[in-house]
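Colleague: the following comprises the amino acid sequence and a computationally predicted model.
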Amino acid sequence: MAAINPYLTFNGNTEEAFNFYRSVLGGEFAGGFMRFGDTPGCESMSEQDKNKVMHVALPIGQGMLMASDYVEGMGPAYNHGNDFSIALNPDTLEDTHRIFDSLAEGGKVDMPLEKTFWAELFGMVTDKFGIQWLVNYGQGNSQAS
């Protein structure tokens, strides 16, 4: 079964918010704050965008609370109300395709499933009910079909 975690998007204050959540909920960040400037292909980004948080995860119980800052042109435009997604991590490649394709039926593919530096496959879809999903399968150093 796929792991499900809430994924929040902030308008430039992810680090502040997550330091607050850690102070309330306890725990330690899994891997710290990853910045957009630490990622491949960031050369054309502004210095302000390079300093934004690309990903942070705070383990809570069996799951994780995860987040990133919005960068204009990357994914749907930031609006308060669409700043929440559900992150899925399916167990198999077959489930990844089935889940993504099913969620996309009648909805909108915001980013097709594709290989990234962190995952074999990653895609973003807004389902027919307006809910945003992040589908992530495997590690980036493997080959996906």
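Modeller: Yep, that arrived. Numbers count the residues shown, from 1 in each chain.
Colleague: C-alpha only now, for contacts and for neighbours.
Modeller: Noted.
Colleague: any stretches of this protein with poor pLDDT?
Modeller: 1, 140-145 (pLDDT under 70).
Colleague: now do the strands in it.
Modeller: All strands of the chain, identified by DSSP state E, fall at 3-10, 34-35, 53-60, 63-69, 84-89, 108-114, 121-126, 132-137.
Colleague: quickly list the domain ranges of the protein.
Modeller: Domain segmentation of the chain under automatic domain parsing yields 1-69, 90-145.
Colleague: could you dump the ones you listed to JSON lines with distance to H80 and mean neighbour count?
Modeller: As requested, the domains of the chain are arranged in JSON lines below (distance: least, Cα to Cα, whole Å; neighbours: other Cα atoms under 10 Å):
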{"stretch": "domain 1-69", "distance to H80": "9", "mean neighbour count": "16"}
{"stretch": "domain 90-145", "distance to H80": "13", "mean neighbour count": "17"}
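Colleague: for G27, see how far away the nearest residue to L25 once chain neighbours are set aside is.
Modeller: Sequence neighbours aside, I60 is the residue nearest to L25 in space, at 7.6 Å (criterion: Cα to Cα, 6 or more residues apart in numbering). Using Cα to Cα, to the nearest Å, we find I60 at a distance of 7 Å from G27.
Colleague: the residue nearest to L25 and F29 touch, don't they?
Modeller: No: checked against Cα atoms under 8 Å, the pair I60 and F29 is beyond contact range at 10.0 Å.
Colleague: mind checking which of the strands of the chain is nearest N19?
Modeller: Minimum separation from N19 across these (Cα to Cα) falls at strand 53-60, 9.7 Å.
Colleague: which helices and strands does the closest one pack with?
Modeller: Under the contact definition 3 or more Cα pairs under 8 Å, 6 or more residues apart in numbering; DSSP states H and E, strand 53-60 sits against helix 14-25, strand 34-35, strand 63-69.
Colleague: need the ones you listed in TSV with distance to D101, can you?
Modeller: Converted to TSV, the helices and strands packed on strand 53-60 look like this (distance: least, Cα to Cα, whole Å):
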stretch	distance to D101
helix 14-25	30
strand 34-35	29
strand 63-69	23
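Colleague: D110: which of the ones you listed is closest?
Modeller: Between D110 and the helices and strands packed on strand 53-60, the shortest gap by Cα to Cα is with strand 63-69, which sits at 16.4 Å.
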